[in-house]
Each structure stands twice: as C-alpha cells, then as structure tokens.
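>>> build me a model from this:
(one chain, ligands or ions: 1)
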Amino acid sequence: MTDTSLSRSSAGAASASGGPAAGVATAAVLVDHVSHTYGRGDSAHHAIRDLAFSVQPKEFVSIVGPSGAGKTTLLRTLAGLLQPTEGAVWVNGVRNTGVPEGMAMVFQDYSRSLLPWLSVERNVAFPLAGSHHVPKPERRAIVAEALEAVGLKGFEKRYPWQLSGGMQQRVAIARALAYRPKLLLMDEPFASVDAQTREGLEDLVLSIRDRYEMTILFVTHDIDESVYLADRVLVLSRPPATLVEDIRVVLAEPRDQITTREDPEFIQLRGHVARLIHGSH
Ligand SMILES: Nc1ncnc2c1ncn2[C@@H]1O[C@H](COP(=O)(O)OP(=O)(O)OP(=O)(O)O)[C@@H](O)[C@H]1O
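Numbers count the residues shown, from 1 in each chain. Below is the predicted model of the structure:
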C-alpha cells in the first residue's frame with residue numbers, strides 16, 4: 001500500500017554538473033533536499049527541512065500535514081515565489097530561479113484572486129492580456145474552452161459577485177487553465193465552499209487533469225479529499241516539516257464520490273493518513 005519516504009538517491013540529488021541526476025530529468029517536479037527558514041538568528045523559523053521527492057508528469061499528488069507544517073511554504077517554493085534556503089526545485093528539468101514556465105496556481109481565497117470589476121470572461125482572459133504571443137482570436141478560443149471545461153459556459157458576461165462561491169472558484173480554475181499549464185499548484189482550493197460544492201469541484205479537477213494532461217500538486221487539510229483525488233499522498237510532519245511518508249494510492253478508476261469512498265482500500269488509506277498526521281503532533 002505504501003512507499004516509505006524517498007531516500008536521497010531515489011529523490012534525485014543534483015549531479016556534479018549542477019543539473020538533476022540522470023533518470024529524474026524527466027520528472028515534472030523534482031524537490032532536491034529543500035529547506036526553507038524564515039528570518040535569521042534568534043527569530044529564525046525553520047518551516048521545511050530537507051524535503052526530497054519527485055513527481056512524474058500527469059501525476060496527482062496531495063500534500064497533507066498538521067496545521068502550520070509548511071505546506072504553503074513548500075508550494076511557494078515550487079511556484080518560485082520563495083527561494084529555498086537550501087536545496088533546489090526543478091520543474092520540467094529546469095532549475096527554478098523564479099516562477100517556472102507552464103505553471104499556474106489556484107488559492108483558497110477566490111474572492112481575493114478574482115478582479116470584481118471584470119466580467120467572468122475578462123477575469124479568465126486576464127493572464128493572456130499582456131501576452132504578445134497569443135493573438136486575440138486565439139485568446140477568445142482559449143477562454144471559451146476554459147469556461148466550458150469548468151462548466152461555466154453561458155456565464156461569460158456575469159461578474160464574480162453575481163456568482164456563488166463554488167462558481168467563483170470555477171472561474172479561478174478557468175483562469176489557471178488559460179495559461180495552458182503543465183503544472184497546476186492548488187493551495188486548499190476548496191476550503192471555503194460547502195461539502196456538496198466541494199465534491200463537484202473535486203470531480204471537476206480530476207476531469208481537467210485528464211483533459212489538459214496536467215501534473216497537479218494539491219495542498220489540503222481534508223484527509224478524505226487527499227486520498228480521493230490523488231495518485232500519491234505526501235504526509236508532512238509538524239514543523240520543521242520533513243516527509244513522513246509518500247503513500248501510493250491505488251483505487252479503481254474513474255473515482256466516484258460514492259463507490260470510491262465506500263471502497264475498503266480507501267477507508268484503510270484514510271485511516272493510515274490520519275494516524276500519520278495525528279502521530280506527528
Ligand atoms: N513570511 C513568513 N515569515 C515568518 N514565518 C512564516 C512566514 N510564512 C509562514 N511562516 C511560518 O512558517 C510555518 C509554516 O507555514 P505554512 O503557511 O507554510 O504552513 P501550512 O502547513 O501551510 O499551514 P496551515 O496548515 O495552517 O495552512 C508556520 O509556523 C508559519 O507561521
């Protein structure tokens with residue numbers, strides 16, 4: 001059922017030339033012994049320590065851990081928004097020195113990530129607006145496809161404040177899709193919506209993963225959600241966060257909100273993840 005924490009060699013240490021070691025150059029994401037410390041001296045806070053793992057293209061990886069474990073810190077280093085204080089992150093074989101090519105991020109707080117004065121379609125088109133590489137007719141097609149993929153065809157002219165929370169998060173997801181990302185980072189994206197809406201959004205994410213052939217890293221507090229969605233669940237310890245276990249999730253496909261959650265393997269996995277998180281307190 002489980003793969004224990006990746007060893008240094010399997011996570012892929014950097015080669016002598018400074019590039020990722022052979023065999024991991026094809027990884028969508030390679031986290032190479034990454035640590036991050038906020039502040040210095042007496043006020044230093046070690047958020048994550050020596051994290052090492054890789055993610056293959058099109059894999060769906062959930063990241064869970066106790067509150068304050070450093071999940072967001074890890075995601076921010078993957079997004080190139082934070083530079084690790086030790087180690088390096090590689091995205092599609094390129095070492096992160098800033099925000100990597102082909103990456104998009106979706107946050108929990110959709111109300112702050114959408115621009116209230118722009119219509120739905122203009123919010124989705126926003127990342128393309130400054131791009132000289134995408135001609136206008138193509139932009140329109142990309143926006144229409146993204147809105148259709150998230151089930152918001154017909155809502156193009158509405159404004160975010162005219163939509164429910166779940167619909168606003170769909171707009172935020174469509175905007176991420178407009179980047180045509182190969183890597184999608186999601187930080188507790190469904191924490192602010194009700195349980196039923198959440199289930200719909202979970203299934204939406206699984207469908208867009210297949211349709212857009214993306215690699216997804218998904219931070220969540222919800223243990224059931226982490227197992228339901230993922231090919232692997234990474235369990236982090238309390239801070240400074242280390243990798244407690246890298247769990248492979250093998251469940252019948254396609255996943256289904258009722259039958260998957262009734263599957264004895266699902267029930268066993270969620271219990272295992274819960275014990276690891278509670279054990280790390
Ligand atoms: N900019 C910052 N400066 C100093 N400390 C920070 C900063 N950002 C986060 N931290 C600290 O680093 C630790 C990890 O924070 P992080 O937000 O990554 O954890 P998390 O696992 O995502 O938390 P949660 O589960 O509560 O969402 C926390 O103790 C937090 O207080």
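>>> for the residue of the chain most remote from its centre, give me the pLDDT.
Farthest-out residue of the chain from its mean C-alpha position, per CA atoms, centre = their mean: D42, at 32.4 Å. At D42, the pLDDT value in this model is 87.
>>> what's the spacing between it and K71?
Going from D42 to K71 by CB to CB, to the nearest Å gives 25 Å. No exception for glycine: its C-beta is placed from N, CA and C like everyone else's.
>>> what distance do you get for the residue farthest from the centre of the chain to I48?
As judged by CB to CB, D42 and I48 stand 20 Å apart.
>>> cool, and Y38?
10 Å.
>>> looking at these two, which one has more neighbours?
Using other CB atoms under 10 Å as the criterion, Y38 and I48 rank with I48 on top: 29 against 13.
>>> the ligand contacts on the stretch 1-150 of the chain?
Y38, G39, H45, A47, G65, S67, G68, A69, G70, K71, T72, T73 (CB under 6 Å from any ligand atom).
>>> save these as JSON lines, and put in pLDDT too.
Listed next are those as JSON lines, based on pLDDT from 0 to 100:
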{"residue": "Y38", "pLDDT": "95"}
{"residue": "G39", "pLDDT": "91"}
{"residue": "H45", "pLDDT": "92"}
{"residue": "A47", "pLDDT": "94"}
{"residue": "G65", "pLDDT": "95"}
{"residue": "S67", "pLDDT": "91"}
{"residue": "G68", "pLDDT": "90"}
{"residue": "A69", "pLDDT": "90"}
{"residue": "G70", "pLDDT": "92"}
{"residue": "K71", "pLDDT": "94"}
{"residue": "T72", "pLDDT": "94"}
{"residue": "T73", "pLDDT": "95"}
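>>> buried residues, the helix or strand containing R211. List them.
Counting by DSSP states H and E, the element that carries R211 is helix 195-212. For helix 195-212, burial by neighbour count (16 or more other CB atoms under 10 Å) applies to T197, R198, E199, L201, E202, D203, L204, V205, L206, I208, R209, Y212.
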